[in-house]
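> Return atomic coordinates for the entry below.
(one chain, ligands or ions: 2)
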Amino acid sequence: MTKKYDIAVLPGDGTGPEVVDEGLKVLEAAAAKYDFELNLSTFNIGGDHYISTGEILPENIVDELSKKDAIFLGAIGHPDVKPGILEKGILLSLRFALDQYINLRPVKLYEGVATPLKDKTPEDIDFVVVRENSEGLYAGAGGCLKKGTPDEVAIQESINTRKGVERCIRYAFEYCRKRNKGKKLTLCGKTNVLTFAFNLWERTFNEVAKEYPDIETDYAHVDAICMWMVKNPEWFDVIVTDNMFGDIITDLGAMIQGGMGIAAGGNINPEGVSMFEPIGGSAPKYTGLQIINPIAAISSVQLLLETLGESAAAVSVESAVKKTLRDDLKDVAAGKMGYTTSEVGDIIVNYVKSGVGE
Ligand code: IPM
Ligand code: MN
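Ligands and ions are numbered 1, 2, ... in the order given. Modelled structure (predicted):
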């Protein structure tokens, strides 16, 4: 029997909808080629919906999303809405409500894409960051006193639970084993200063490591990781880290792989519903101009397919993306693709249809 997947589509704000359109074109082409069906339902949440209705993320939408097989998200962020409202109210709320405790962010330089790192090639830049996605500084713990006065106190606490840290580290070890590339897992922390939080991370990492004798382990402080990601990115295979450090180092990662137009990510609940998104923002000033690179969204579709277990389709999408970057697009890193957003989608669709990479 043909498999059928219920996919929720959240186009979101700004250029989100136009890159999502391209992602969906590719997803549909992959479904036709690899013989599975899609049942897509679109949810219009985001800045415009908030401005017109005052609604951010209604409870019934969360309920519906929790019954899907996967979620495909464009971008959240609107110039007329105060920063933080939509990010916290939609993106972070969904990550938390659906317990998507992993944020998986591959950093991979494809042939044909310029990296700002002199002398580094696709062989040197190919690693994955496993970012904890449900705790840390993102937990929203803290508060303030005497706001707006000279005596103001602001506290923002990092919450790290044994359970949360362990499930993330375990996922990273498993992922590293399955990836089967360098078989090396690096813990990124700050044990010299954040002596409570990263002591828990380090102890847990070392304990879990005993169950994975085939995986080489390594530790580096987050500041040093930033340095090495620039100087020696080839040292990394899989990096595991907390929510905040993961947020920061993956933007650095996106830059060395050719920019936000390429970088994709998955918010993963291995036991539940996962959500895939290009990691860049909604770029409101470019809305409708068809100049945004849809590859980050299309690579998110690849991650979505991998998570659904549609590996052949996922491989085909990646091969199509690779070929497009190598043979068709011009200077992607400089924001000059030589094609419109939708033309890039068409090129990739054609490669998927023709079975490139099979
Ligand atoms: C990301 C984004 C979000 C984050 C923002 C928009 C809340 O930067 O997905 O990396 O900090 O996690
Ligand atoms: Mn970020």
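
> confidence score at the nearest residue to L145 once chain neighbours are set aside?
Leaving aside its chain neighbours, L145 sits nearest to V153 (4.3 Å; criterion: C-beta to C-beta, 6 or more residues apart in numbering). For every residue, glycine as well, the C-beta is placed using N, CA and C. pLDDT recorded at V153 is 98.

> For this protein, which segments count as strands?
For the chain, applying DSSP state E gives strands covering 3-12, 36-42, 70-75, 102-108, 126-132, 136-145, 153-159, 184-189, 216-221, 238-241, 264-268, 274-278.

> how about the ones you listed in JSON lines, adding mean neighbour count?
Below are those laid out as JSON lines (neighbours: other C-beta atoms under 10 Å):
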{"stretch": "strand 3-12", "mean neighbour count": "20"}
{"stretch": "strand 36-42", "mean neighbour count": "14"}
{"stretch": "strand 70-75", "mean neighbour count": "25"}
{"stretch": "strand 102-108", "mean neighbour count": "24"}
{"stretch": "strand 126-132", "mean neighbour count": "24"}
{"stretch": "strand 136-145", "mean neighbour count": "15"}
{"stretch": "strand 153-159", "mean neighbour count": "13"}
{"stretch": "strand 184-189", "mean neighbour count": "24"}
{"stretch": "strand 216-221", "mean neighbour count": "16"}
{"stretch": "strand 238-241", "mean neighbour count": "28"}
{"stretch": "strand 264-268", "mean neighbour count": "25"}
{"stretch": "strand 274-278", "mean neighbour count": "26"}
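
> Around ligand 1, which positions in the stretch 51-200 of the chain sit nearby?
Residues of the stretch 51-200 of the chain lying close to ligand 1 (C-beta under 6 Å from any ligand atom) are E87, L91, L92.

> Buried subset of these as a ChimeraX selection?
If you want just the buried ones from those in ChimeraX, going by 16 or more other C-beta atoms under 10 Å, the selection is:
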select :91,92
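
> Of the residues of the stretch 51-200 of the chain next to ligand 1, just say which sits nearest to ligand 1.
Nearest to ligand 1 among those is E87, at 3.8 Å by C-beta to the nearest ligand atom.
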